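>>> have a look at this prediction, sequence included:
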Amino acid sequence: MRGENFYRNFFRLMNEHFVDIKFLAVISNVESALTRFANSRIHQNVFERKNNVSVLATKDNKVAIATSNDLTTSGLRSIKEKLQGMLESSTPLDYQFKLPEPTIGYPLDNVTEDAKNFSPEMRASIFDKILHACGEDIQAFGYVSDNVTENSVISSNGMFIYHAYSSFSFNFVAVKDSASGYVSSSAKNIADLDVEKKAQRAVEFAKMSGESIEIEPGLYTVILGPEAVADLFFYFSYVCTNGYMHELKMSPSTRFLGQKIGPDDLNVYDDPFHPVQIPFAYDLCGKKREKTPVIENGIFKNVFYSHGAALRFGKSPTGHTISLEDMDFAMPVNLVVEGGNNSLEDMIAQTKEGIYINRFHYMNVVDPYEAMFTGMTRDGTFLIENGQLTRAVKNMRFNVKFFEFTQNIEAISKQIESTSGEYFPAVAPFMKVRNFNFTSKTA
(Lines give C-alpha, C1' and ligand atoms only; values in the text may rest on other atoms or scores of the structure.)
Protein backbone atom coordinates (compact mmCIF):
# COMPACT_ATOMS: atom_id res chain seq x y z
CA MET A 1 0.00 0.00 0.00
CA ARG A 2 1.15 3.51 -0.77
CA GLY A 3 -0.95 5.10 1.95
CA GLU A 4 -3.09 8.22 2.13
CA ASN A 5 -0.17 10.67 2.19
CA PHE A 6 1.02 9.55 -1.25
CA TYR A 7 -2.34 10.48 -2.76
CA ARG A 8 -2.43 13.80 -0.92
CA ASN A 9 0.94 14.61 -2.47
CA PHE A 10 -0.40 13.52 -5.85
CA PHE A 11 -3.35 15.88 -5.31
CA ARG A 12 -0.86 18.71 -4.82
CA LEU A 13 1.16 17.74 -7.91
CA MET A 14 -1.95 17.49 -10.08
CA ASN A 15 -3.09 20.97 -9.09
CA GLU A 16 0.40 22.36 -9.78
CA HIS A 17 0.70 20.78 -13.23
CA PHE A 18 -2.92 21.26 -14.33
CA VAL A 19 -3.34 24.79 -13.02
CA ASP A 20 -5.04 26.00 -16.23
CA ILE A 21 -7.25 22.91 -16.79
CA LYS A 22 -10.38 21.77 -15.01
CA PHE A 23 -9.94 18.09 -14.25
CA LEU A 24 -11.17 15.03 -12.41
CA ALA A 25 -8.65 12.27 -11.78
CA VAL A 26 -8.91 8.72 -10.45
CA ILE A 27 -5.67 7.22 -9.15
CA SER A 28 -5.52 3.58 -8.19
CA ASN A 29 -3.03 1.06 -6.89
CA VAL A 30 -3.99 -2.62 -6.92
CA GLU A 31 -1.81 -5.28 -5.31
CA SER A 32 -3.08 -8.71 -6.24
CA ALA A 33 -1.73 -12.15 -5.47
CA LEU A 34 -3.02 -15.43 -6.86
CA THR A 35 -2.33 -19.11 -6.40
CA ARG A 36 -3.62 -21.24 -9.25
CA PHE A 37 -4.03 -25.01 -9.03
CA ALA A 38 -4.83 -27.76 -11.55
CA ASN A 39 -4.87 -31.56 -11.40
CA SER A 40 -4.77 -31.19 -7.60
CA ARG A 41 -1.38 -29.44 -7.68
CA ILE A 42 -0.36 -25.82 -7.23
CA HIS A 43 1.25 -24.76 -10.48
CA GLN A 44 1.47 -20.97 -10.26
CA ASN A 45 1.97 -18.20 -7.71
CA VAL A 46 1.65 -14.68 -9.04
CA PHE A 47 1.96 -11.24 -7.48
CA GLU A 48 1.16 -8.10 -9.47
CA ARG A 49 1.06 -4.40 -8.64
CA LYS A 50 -0.82 -2.10 -11.02
CA ASN A 51 -0.74 1.70 -10.85
CA ASN A 52 -3.10 3.75 -12.93
CA VAL A 53 -4.23 7.33 -13.31
CA SER A 54 -7.20 8.36 -15.46
CA VAL A 55 -7.72 12.08 -15.98
CA LEU A 56 -10.87 13.68 -17.34
CA ALA A 57 -10.28 17.27 -18.49
CA THR A 58 -12.95 19.74 -19.56
CA LYS A 59 -12.82 23.07 -21.38
CA ASP A 60 -15.44 25.00 -23.37
CA ASN A 61 -17.92 22.19 -22.65
CA LYS A 62 -15.57 19.68 -24.25
CA VAL A 63 -14.34 16.57 -22.46
CA ALA A 64 -11.20 14.51 -22.99
CA ILE A 65 -9.87 11.49 -21.08
CA ALA A 66 -6.33 10.11 -20.88
CA THR A 67 -5.00 7.15 -18.93
CA SER A 68 -1.48 6.20 -17.92
CA ASN A 69 0.42 3.97 -15.51
CA ASP A 70 3.17 6.59 -15.15
CA LEU A 71 2.58 8.47 -11.90
CA THR A 72 5.76 10.56 -12.11
CA THR A 73 5.86 14.30 -12.81
CA SER A 74 7.01 13.61 -16.38
CA GLY A 75 4.06 11.24 -16.73
CA LEU A 76 1.71 14.01 -15.60
CA ARG A 77 3.22 16.41 -18.13
CA SER A 78 2.68 13.83 -20.87
CA ILE A 79 -0.96 13.34 -19.85
CA LYS A 80 -1.52 17.11 -19.85
CA GLU A 81 -0.08 17.51 -23.35
CA LYS A 82 -2.24 14.67 -24.62
CA LEU A 83 -5.38 16.12 -23.04
CA GLN A 84 -4.71 19.59 -24.44
CA GLY A 85 -4.43 18.16 -27.94
CA MET A 86 -7.59 16.12 -27.51
CA LEU A 87 -9.55 19.11 -26.21
CA GLU A 88 -8.50 21.20 -29.21
CA SER A 89 -9.92 18.64 -31.65
CA SER A 90 -13.00 17.59 -29.64
CA THR A 91 -16.53 18.77 -30.28
CA PRO A 92 -18.66 20.26 -27.49
CA LEU A 93 -21.09 17.97 -25.69
CA ASP A 94 -24.80 18.25 -26.40
CA TYR A 95 -25.50 18.95 -22.71
CA GLN A 96 -23.88 21.24 -20.18
CA PHE A 97 -21.01 19.43 -18.48
CA LYS A 98 -19.52 20.30 -15.12
CA LEU A 99 -17.26 18.58 -12.66
CA PRO A 100 -18.90 16.81 -9.70
CA GLU A 101 -19.29 18.81 -6.54
CA PRO A 102 -16.53 17.93 -4.07
CA THR A 103 -17.41 15.17 -1.61
CA ILE A 104 -16.36 15.72 1.97
CA GLY A 105 -15.48 12.48 3.70
CA TYR A 106 -12.88 10.98 5.96
CA PRO A 107 -10.31 8.70 4.33
CA LEU A 108 -11.46 5.10 4.58
CA ASP A 109 -9.14 2.19 5.29
CA ASN A 110 -11.06 -1.08 5.02
CA VAL A 111 -7.99 -3.27 4.58
CA THR A 112 -8.31 -6.20 6.99
CA GLU A 113 -5.51 -7.57 9.13
CA ASP A 114 -5.81 -10.85 7.22
CA ALA A 115 -4.99 -9.05 3.98
CA LYS A 116 -2.03 -7.16 5.43
CA ASN A 117 -0.35 -10.41 6.47
CA PHE A 118 -1.48 -12.79 3.73
CA SER A 119 1.16 -14.90 1.98
CA PRO A 120 1.55 -17.69 -0.60
CA GLU A 121 1.74 -20.15 2.29
CA MET A 122 -1.64 -18.96 3.55
CA ARG A 123 -3.18 -19.32 0.09
CA ALA A 124 -1.67 -22.82 -0.03
CA SER A 125 -3.36 -23.62 3.28
CA ILE A 126 -6.71 -22.81 1.68
CA PHE A 127 -5.82 -25.09 -1.23
CA ASP A 128 -5.03 -27.82 1.33
CA LYS A 129 -8.60 -27.54 2.65
CA ILE A 130 -9.93 -27.97 -0.89
CA LEU A 131 -7.60 -30.91 -1.48
CA HIS A 132 -8.76 -32.55 1.75
CA ALA A 133 -12.37 -32.36 0.55
CA CYS A 134 -11.40 -34.00 -2.75
CA GLY A 135 -10.18 -37.27 -1.31
CA GLU A 136 -8.48 -39.67 -3.71
CA ASP A 137 -10.80 -39.72 -6.71
CA ILE A 138 -11.49 -36.01 -7.37
CA GLN A 139 -9.19 -33.63 -9.23
CA ALA A 140 -9.10 -29.98 -8.14
CA PHE A 141 -8.87 -26.98 -10.49
CA GLY A 142 -9.17 -23.31 -9.58
CA TYR A 143 -7.49 -20.44 -7.77
CA VAL A 144 -7.20 -18.58 -4.47
CA SER A 145 -6.52 -14.83 -4.53
CA ASP A 146 -6.16 -11.84 -2.25
CA ASN A 147 -6.21 -8.16 -3.25
CA VAL A 148 -5.56 -4.78 -1.71
CA THR A 149 -6.92 -1.79 -3.64
CA GLU A 150 -6.39 1.92 -3.09
CA ASN A 151 -8.54 4.45 -4.96
CA SER A 152 -8.28 8.21 -4.79
CA VAL A 153 -10.55 10.69 -6.59
CA ILE A 154 -9.23 14.24 -6.89
CA SER A 155 -10.33 17.28 -8.86
CA SER A 156 -9.35 20.84 -9.66
CA ASN A 157 -12.35 22.12 -7.66
CA GLY A 158 -11.15 20.59 -4.40
CA MET A 159 -12.24 16.94 -4.39
CA PHE A 160 -10.06 14.57 -2.39
CA ILE A 161 -11.33 11.07 -1.60
CA TYR A 162 -9.17 8.18 -0.45
CA HIS A 163 -10.43 4.64 0.04
CA ALA A 164 -8.47 1.44 0.62
CA TYR A 165 -10.04 -2.00 0.87
CA SER A 166 -9.13 -5.64 0.64
CA SER A 167 -10.81 -8.74 -0.72
CA PHE A 168 -10.35 -12.48 -0.95
CA SER A 169 -11.78 -14.89 -3.48
CA PHE A 170 -11.55 -18.44 -4.71
CA ASN A 171 -13.15 -20.74 -7.19
CA PHE A 172 -12.98 -24.50 -7.36
CA VAL A 173 -13.98 -26.99 -10.04
CA ALA A 174 -14.13 -30.55 -8.74
CA VAL A 175 -13.66 -33.05 -11.59
CA LYS A 176 -14.25 -36.78 -11.65
CA ASP A 177 -13.84 -38.27 -15.12
CA SER A 178 -16.20 -36.12 -17.23
CA ALA A 179 -18.34 -34.99 -14.29
CA SER A 180 -17.84 -31.74 -12.37
CA GLY A 181 -19.04 -29.53 -9.55
CA TYR A 182 -18.31 -25.83 -9.02
CA VAL A 183 -18.26 -23.26 -6.23
CA SER A 184 -16.87 -19.74 -5.82
CA SER A 185 -16.77 -17.01 -3.23
CA SER A 186 -15.59 -13.43 -2.68
CA ALA A 187 -15.54 -11.63 0.65
CA LYS A 188 -13.65 -9.04 2.65
CA ASN A 189 -12.76 -11.59 5.36
CA ILE A 190 -11.19 -15.02 4.93
CA ALA A 191 -13.75 -16.73 7.18
CA ASP A 192 -16.65 -15.53 5.01
CA LEU A 193 -15.36 -17.51 2.01
CA ASP A 194 -16.76 -20.72 3.58
CA VAL A 195 -14.07 -22.72 1.80
CA GLU A 196 -14.54 -26.09 3.49
CA LYS A 197 -18.34 -26.12 3.28
CA LYS A 198 -18.40 -25.03 -0.35
CA ALA A 199 -15.58 -27.34 -1.42
CA GLN A 200 -17.47 -30.31 0.00
CA ARG A 201 -20.54 -29.35 -2.01
CA ALA A 202 -18.55 -29.17 -5.26
CA VAL A 203 -17.07 -32.60 -4.56
CA GLU A 204 -20.50 -34.09 -3.83
CA PHE A 205 -21.88 -32.66 -7.09
CA ALA A 206 -18.97 -34.09 -9.08
CA LYS A 207 -19.55 -37.52 -7.55
CA MET A 208 -23.29 -37.36 -8.21
CA SER A 209 -22.85 -36.27 -11.84
CA GLY A 210 -21.16 -39.38 -13.17
CA GLU A 211 -23.99 -40.92 -15.21
CA SER A 212 -26.33 -38.24 -16.51
CA ILE A 213 -29.63 -38.64 -18.33
CA GLU A 214 -31.23 -36.55 -21.05
CA ILE A 215 -34.52 -34.78 -20.51
CA GLU A 216 -36.76 -33.13 -23.06
CA PRO A 217 -36.89 -29.35 -23.43
CA GLY A 218 -39.89 -27.67 -21.83
CA LEU A 219 -41.10 -25.83 -18.74
CA TYR A 220 -39.83 -27.14 -15.40
CA THR A 221 -39.89 -26.22 -11.75
CA VAL A 222 -36.28 -25.50 -10.80
CA ILE A 223 -34.28 -24.75 -7.69
CA LEU A 224 -31.40 -22.43 -8.52
CA GLY A 225 -28.19 -22.27 -6.50
CA PRO A 226 -26.72 -18.89 -5.48
CA GLU A 227 -24.33 -18.88 -8.47
CA ALA A 228 -27.25 -19.15 -10.89
CA VAL A 229 -29.37 -16.60 -9.01
CA ALA A 230 -26.48 -14.13 -8.92
CA ASP A 231 -25.97 -14.44 -12.68
CA LEU A 232 -29.62 -13.77 -13.50
CA PHE A 233 -29.80 -10.71 -11.28
CA PHE A 234 -26.49 -9.41 -12.59
CA TYR A 235 -27.85 -9.48 -16.14
CA PHE A 236 -31.05 -7.84 -14.93
CA SER A 237 -29.08 -5.02 -13.32
CA TYR A 238 -26.94 -4.61 -16.45
CA VAL A 239 -29.92 -4.40 -18.80
CA CYS A 240 -32.60 -2.78 -16.65
CA THR A 241 -31.11 -0.33 -14.13
CA ASN A 242 -29.16 2.15 -16.28
CA GLY A 243 -30.86 5.55 -15.90
CA TYR A 244 -29.47 6.74 -19.24
CA MET A 245 -31.24 3.96 -21.14
CA HIS A 246 -34.34 4.50 -19.02
CA GLU A 247 -34.54 8.17 -20.02
CA LEU A 248 -34.13 7.23 -23.70
CA LYS A 249 -37.00 4.73 -23.25
CA MET A 250 -34.76 1.92 -24.46
CA SER A 251 -34.88 -0.14 -21.27
CA PRO A 252 -37.47 -2.55 -19.85
CA SER A 253 -37.50 -0.22 -16.84
CA THR A 254 -39.82 2.12 -18.75
CA ARG A 255 -42.54 -0.53 -18.39
CA PHE A 256 -41.66 -2.14 -15.06
CA LEU A 257 -40.19 0.56 -12.80
CA GLY A 258 -42.52 1.06 -9.84
CA GLN A 259 -44.39 -2.15 -10.65
CA LYS A 260 -44.83 -5.27 -8.55
CA ILE A 261 -42.61 -7.78 -10.35
CA GLY A 262 -42.23 -10.55 -7.77
CA PRO A 263 -43.21 -11.90 -4.34
CA ASP A 264 -43.09 -9.79 -1.18
CA ASP A 265 -39.90 -11.48 0.02
CA LEU A 266 -37.96 -10.57 -3.15
CA ASN A 267 -35.54 -7.84 -2.03
CA VAL A 268 -32.49 -6.80 -4.01
CA TYR A 269 -30.10 -4.04 -2.95
CA ASP A 270 -26.94 -2.34 -4.07
CA ASP A 271 -25.20 -2.50 -0.72
CA PRO A 272 -21.48 -1.69 -0.43
CA PHE A 273 -21.57 -2.25 3.34
CA HIS A 274 -23.19 -5.69 3.46
CA PRO A 275 -21.16 -7.88 5.85
CA VAL A 276 -19.74 -10.11 3.10
CA GLN A 277 -19.65 -7.65 0.20
CA ILE A 278 -16.53 -5.83 -1.01
CA PRO A 279 -16.92 -2.23 0.21
CA PHE A 280 -16.89 0.00 -2.88
CA ALA A 281 -17.58 3.10 -0.80
CA TYR A 282 -17.26 5.77 -3.53
CA ASP A 283 -17.87 5.79 -7.25
CA LEU A 284 -15.34 7.14 -9.76
CA CYS A 285 -16.71 10.67 -9.43
CA GLY A 286 -16.23 10.61 -5.67
CA LYS A 287 -19.93 10.20 -4.93
CA LYS A 288 -20.48 8.37 -1.67
CA ARG A 289 -22.35 5.13 -2.21
CA GLU A 290 -25.23 4.06 0.03
CA LYS A 291 -27.39 0.99 0.40
CA THR A 292 -30.04 1.48 -2.28
CA PRO A 293 -33.05 -0.72 -3.09
CA VAL A 294 -33.24 -2.16 -6.58
CA ILE A 295 -36.24 -4.39 -5.89
CA GLU A 296 -38.02 -3.98 -2.54
CA ASN A 297 -40.88 -6.19 -1.34
CA GLY A 298 -41.23 -7.36 -4.93
CA ILE A 299 -41.44 -3.82 -6.39
CA PHE A 300 -38.86 -2.58 -8.92
CA LYS A 301 -37.81 0.57 -7.07
CA ASN A 302 -34.88 2.35 -8.71
CA VAL A 303 -32.73 2.92 -11.74
CA PHE A 304 -29.31 4.51 -11.32
CA TYR A 305 -27.69 7.63 -12.75
CA SER A 306 -24.02 8.12 -13.46
CA HIS A 307 -22.62 11.65 -13.29
CA GLY A 308 -22.94 12.22 -17.03
CA ALA A 309 -26.49 10.88 -17.31
CA ALA A 310 -27.54 12.92 -14.27
CA LEU A 311 -26.27 16.13 -15.90
CA ARG A 312 -27.83 15.21 -19.23
CA PHE A 313 -31.31 14.57 -17.83
CA GLY A 314 -31.43 16.87 -14.81
CA LYS A 315 -31.27 14.05 -12.24
CA SER A 316 -29.22 13.55 -9.09
CA PRO A 317 -26.23 11.20 -9.48
CA THR A 318 -26.69 8.05 -7.43
CA GLY A 319 -23.09 6.92 -6.90
CA HIS A 320 -22.96 4.55 -9.87
CA THR A 321 -20.35 6.07 -12.19
CA ILE A 322 -18.10 3.10 -12.86
CA SER A 323 -16.32 4.39 -15.99
CA LEU A 324 -14.88 7.79 -16.91
CA GLU A 325 -14.77 6.67 -20.55
CA ASP A 326 -18.54 6.07 -20.57
CA MET A 327 -20.04 8.71 -18.29
CA ASP A 328 -23.58 7.66 -19.25
CA PHE A 329 -23.34 4.07 -18.02
CA ALA A 330 -24.47 3.02 -14.54
CA MET A 331 -25.20 -0.21 -12.72
CA PRO A 332 -25.07 -1.56 -9.14
CA VAL A 333 -21.71 -3.18 -8.35
CA ASN A 334 -22.49 -4.47 -4.84
CA LEU A 335 -25.52 -6.57 -5.70
CA VAL A 336 -27.21 -8.34 -2.79
CA VAL A 337 -30.25 -10.56 -3.30
CA GLU A 338 -31.55 -10.95 0.23
CA GLY A 339 -32.65 -14.19 1.78
CA GLY A 340 -36.29 -15.15 2.19
CA ASN A 341 -38.26 -17.27 4.63
CA ASN A 342 -37.51 -20.85 3.59
CA SER A 343 -34.83 -23.44 4.21
CA LEU A 344 -33.14 -25.07 1.24
CA GLU A 345 -33.96 -28.46 2.71
CA ASP A 346 -37.67 -27.65 2.79
CA MET A 347 -37.58 -26.22 -0.72
CA ILE A 348 -36.17 -29.49 -2.04
CA ALA A 349 -38.35 -31.71 0.18
CA GLN A 350 -41.51 -29.96 -1.02
CA THR A 351 -40.66 -30.43 -4.71
CA LYS A 352 -42.19 -33.58 -6.16
CA GLU A 353 -40.73 -33.09 -9.65
CA GLY A 354 -38.12 -30.54 -10.64
CA ILE A 355 -34.51 -29.77 -11.49
CA TYR A 356 -31.72 -28.47 -9.28
CA ILE A 357 -29.29 -26.13 -11.09
CA ASN A 358 -25.95 -25.29 -9.51
CA ARG A 359 -24.85 -22.59 -11.96
CA PHE A 360 -25.08 -21.21 -15.49
CA HIS A 361 -22.52 -20.94 -18.27
CA TYR A 362 -22.21 -18.72 -21.35
CA MET A 363 -25.04 -16.44 -20.33
CA ASN A 364 -25.96 -13.68 -22.75
CA VAL A 365 -28.67 -11.17 -23.59
CA VAL A 366 -31.09 -12.30 -26.32
CA ASP A 367 -33.43 -9.28 -26.29
CA PRO A 368 -32.48 -6.34 -24.05
CA TYR A 369 -35.86 -4.59 -24.32
CA GLU A 370 -37.64 -7.74 -23.14
CA ALA A 371 -34.87 -8.59 -20.65
CA MET A 372 -34.61 -12.06 -22.21
CA PHE A 373 -31.49 -14.00 -21.26
CA THR A 374 -30.04 -17.29 -22.44
CA GLY A 375 -27.39 -19.67 -21.19
CA MET A 376 -26.64 -23.27 -20.28
CA THR A 377 -26.55 -25.27 -17.09
CA ARG A 378 -23.18 -26.51 -15.83
CA ASP A 379 -21.31 -28.24 -13.01
CA GLY A 380 -24.19 -29.79 -11.11
CA THR A 381 -27.67 -30.27 -12.60
CA PHE A 382 -29.94 -32.91 -11.05
CA LEU A 383 -33.46 -34.23 -11.14
CA ILE A 384 -35.54 -33.63 -8.03
CA GLU A 385 -37.88 -36.60 -7.50
CA ASN A 386 -40.19 -36.87 -4.52
CA GLY A 387 -38.24 -34.30 -2.53
CA GLN A 388 -34.73 -35.60 -3.21
CA LEU A 389 -31.87 -34.89 -5.59
CA THR A 390 -31.53 -38.09 -7.60
CA ARG A 391 -30.08 -38.50 -11.10
CA ALA A 392 -27.74 -36.09 -12.86
CA VAL A 393 -29.15 -34.32 -15.92
CA LYS A 394 -27.21 -33.55 -19.08
CA ASN A 395 -26.77 -29.83 -19.59
CA MET A 396 -29.62 -27.86 -21.16
CA ARG A 397 -29.95 -24.45 -22.81
CA PHE A 398 -32.54 -22.04 -21.43
CA ASN A 399 -34.27 -18.82 -22.47
CA VAL A 400 -35.99 -16.76 -19.78
CA LYS A 401 -37.70 -13.39 -19.73
CA PHE A 402 -36.58 -11.88 -16.44
CA PHE A 403 -39.90 -10.28 -15.49
CA GLU A 404 -41.73 -13.57 -16.09
CA PHE A 405 -39.03 -15.35 -14.06
CA THR A 406 -39.59 -13.09 -11.03
CA GLN A 407 -43.37 -13.58 -11.19
CA ASN A 408 -42.76 -17.33 -11.08
CA ILE A 409 -40.63 -17.33 -7.91
CA GLU A 410 -42.19 -19.71 -5.39
CA ALA A 411 -39.65 -19.70 -2.56
CA ILE A 412 -36.44 -17.95 -1.49
CA SER A 413 -34.03 -19.52 0.98
CA LYS A 414 -32.97 -17.92 4.25
CA GLN A 415 -29.44 -19.01 3.43
CA ILE A 416 -27.35 -16.59 1.35
CA GLU A 417 -23.86 -17.04 -0.06
CA SER A 418 -21.20 -14.89 -1.65
CA THR A 419 -20.18 -15.60 -5.24
CA SER A 420 -17.18 -14.29 -7.17
CA GLY A 421 -19.17 -13.36 -10.26
CA GLU A 422 -17.79 -12.79 -13.75
CA TYR A 423 -17.47 -9.02 -13.28
CA PHE A 424 -18.47 -8.11 -9.72
CA PRO A 425 -18.99 -10.17 -6.57
CA ALA A 426 -22.60 -10.80 -5.56
CA VAL A 427 -24.55 -12.21 -2.63
CA ALA A 428 -27.54 -14.43 -3.35
CA PRO A 429 -29.84 -17.14 -1.90
CA PHE A 430 -31.30 -20.31 -3.40
CA MET A 431 -34.58 -19.85 -5.32
CA LYS A 432 -37.40 -22.12 -6.34
CA VAL A 433 -39.04 -21.05 -9.61
CA ARG A 434 -41.79 -22.59 -11.71
CA ASN A 435 -42.08 -22.61 -15.52
CA PHE A 436 -38.36 -22.26 -16.18
CA ASN A 437 -37.95 -22.63 -19.93
CA PHE A 438 -35.42 -25.11 -21.29
CA THR A 439 -35.29 -24.65 -25.05
CA SER A 440 -32.86 -27.36 -26.19
CA LYS A 441 -30.34 -30.01 -25.23
CA THR A 442 -26.61 -29.31 -25.41
CA ALA A 443 -23.82 -31.54 -26.66
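Okay, I see it. Residues are numbered from 1 along each chain as shown.
>>> next SSE after the strand ranked longest in the chain?
For the chain, the strand with the greatest residue count under DSSP state E is strand 41-59. Going down the chain from strand 41-59, the next helix or strand is strand 62-68, by DSSP states H and E.
>>> report all helices and strands that that following strand contacts.
Helices and strands touching strand 62-68, by 3 or more CB pairs under 8 Å, 6 or more residues apart in numbering; DSSP states H and E, are strand 41-59, helix 73-89. Where you see a C-beta, it was placed from the backbone N, CA and C, and this is true even at glycine.
>>> rebuild the ones you listed as CSV, extending it with distance to residue 411 and mean neighbour count.
Shown next, in CSV, are the helices and strands packed on strand 62-68 (distance: least, CB to CB, whole Å; neighbours: other CB atoms under 10 Å):
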stretch, distance to residue 411, mean neighbour count
strand 41-59, 40, 15
helix 73-89, 54, 15
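>>> which among those is found nearest to residue 205?
strand 41-59 (21.7 Å; CB to CB).
>>> chain center to that closest one, what's the gap?
Distance of strand 41-59 from the chain centroid (CA atoms, centre = their mean, to the nearest Å) equals 18 Å.
>>> by how many degrees do that strand and helix 73-89 diverge?
Inter-element angle recorded for strand 41-59 and helix 73-89: 50 degrees (by axes from the mean of the first three to the mean of the last three CA atoms, to 10 degrees).
>>> ok, the closest residue to residue 162 other than its chain neighbours - contacts?
Closest residue to residue 162 apart from its sequence neighbours, by CB to CB, 6 or more residues apart in numbering: residue 107 at 4.1 Å. If a contact means CB atoms under 8 Å, 6 or more residues apart in numbering, then residue 107 has 4, 161, 162, 163 as its contacts.
>>> from the residues you listed, which land in helices?
Under the assignment DSSP state H, the contacts of residue 107 contribute residue 4 to helices.
>>> dump the contacts of residue 107 to JSON lines, plus neighbour count.
Compiled in JSON lines, those are given as follows (neighbours: other CB atoms under 10 Å):
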{"residue": "4", "neighbour count": "17"}
{"residue": "161", "neighbour count": "26"}
{"residue": "162", "neighbour count": "23"}
{"residue": "163", "neighbour count": "23"}
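>>> so which of the contacts of residue 107 comes closest to residue 309?
When these are ranked by distance to residue 309 (CB to CB), residue 161 comes first, at 20.6 Å.
>>> so how far is residue 372 from the closest one?
From residue 161 across to residue 372, the span is 39 Å (CB to CB, to the nearest Å).
>>> now for residue 244, how many residues are close by?
23 (other CB atoms under 10 Å).
>>> is it true that it touches residue 326?
No: between residue 244 and residue 326 there is no contact under CB atoms under 8 Å: 9.3 Å.
>>> just to revisit the earlier point, let me know the pLDDT of the residue nearest to residue 162.
Residue 107 carries a pLDDT value of 91.
>>> count of neighbours near residue 260?
There are 15 residues near residue 260, going by other CB under 10 Å.
>>> ok, now the one 4 residues further on?
By the other CB under 10 Å criterion, the neighbourhood of residue 264 contains 12 residues.
>>> correct me if wrong: it contacts residue 298.
Yes: between residue 264 and residue 298 a contact is recorded at 5.3 Å, counting by CB under 8 Å.
>>> quick check: can you list the domain ranges of the protein?
4-196, 211-443 (automatic domain parsing).
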